[in-house]
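Visitor: next input, structure requested:
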Amino acid sequence: MPLAASVRGGTLPRRFSLKRRSLVKALFDRSNPEVLSCANGGVRILARVLPVDETPPGQQVQVGFTAGRRSGAVERNRIKRLLREAFRVRKHYLTDRLPDGVGLLTLMVIYRGATPPQAEKLSSDLDRALKKLTRIILEKHASSD
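Guide: Residues are numbered from 1 along each chain as shown. Next up is the predicted model:
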């Protein structure tokens, strides 16, 4: 399904929004060994799995989006809007595969490309990065059991 056709389908629910400053700060802490990272093309995803006891009830994934300051505000907002929509369409890939016993998964999706992206390219980069991240989380969870 092309990204433009799915835009009319809805919005990313608020419960998926990563808002707590402490959770965002922990994702960007380079000394934190709990932070996972994967990239594909112009998209990088930082992730951290919180323990079940620190997870609010009913929460499984919270995500934030950011774009570099190489372009103007209008372009950054466009990129974040495209990232949000691409994630909304693909969030099931991640949420359906999370094993039981995994707490809250916090994500920061970062666009780090130098040129303004095409919607389809951004969408496919995010898709591949989410698949890589899912593999990493499943491997890490399997090795900790």
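
Visitor: quick one: Leu94 and Ile136 touch, right?
Guide: No - counting by CB atoms under 8 Å, Leu94 does not reach Ile136; the two are 11.5 Å apart. Every residue, glycine included, has its C-beta placed from N, CA and C.

Visitor: compare these two (neighbour count), which wins?
Guide: Taking neighbours as other CB atoms under 10 Å, Leu94 and Ile136 compare with Leu94 leading, 21 against 15.

Visitor: which residues does that one contact?
Guide: Leu94 makes contact with Val61, Leu105, Leu130, Leu133, Thr134, according to CB atoms under 8 Å, 6 or more residues apart in numbering.

Visitor: ok, the second one to Lys25 distance?
Guide: Leu105 is 17 Å from Lys25, where distance means CB to CB, to the nearest Å.

Visitor: same check on the third one?
Guide: Noted for Leu130: a distance of 23 Å to Lys25, by CB to CB.

Visitor: in terms of neighbours, single out the busier of those two.
Guide: A side-by-side neighbour count of Leu130 and Lys25, using other CB under 10 Å, places Leu130 first with 24 against 10.

Visitor: give me the element the more buried one is part of.
Guide: Per DSSP states H and E, Leu130 falls inside helix 119-144.

Visitor: now that helix: average pLDDT?
Guide: If you average the pLDDT over helix 119-144, you get 88.

Visitor: just stretch 95-107 next, same as before
Guide: Per-residue scores along stretch 95-107 average to 80.

Visitor: can you point out the buried residues in that stretch?
Guide: Across stretch 95-107, burial judged by 16 or more other CB atoms under 10 Å covers Leu98, Val102, Gly103, Leu104, Leu105, Thr106, Leu107.

Visitor: what do you get for stretch 29-47?
Guide: Judged by neighbour count using 16+ other CB under 10 Å, the buried positions of stretch 29-47 are 35-47.

Visitor: please flag which of these sit within strands.
Guide: Counting by DSSP state E, the part of these found in strands is Leu36, Ser37, Cys38, Ala39, Asn40, Val43, Arg44, Ile45, Leu46, Ala47.

Visitor: just give me the closest of those to Thr115.
Guide: Closest approach between those and Thr115, by CB to CB: Val43, at 13.5 Å.
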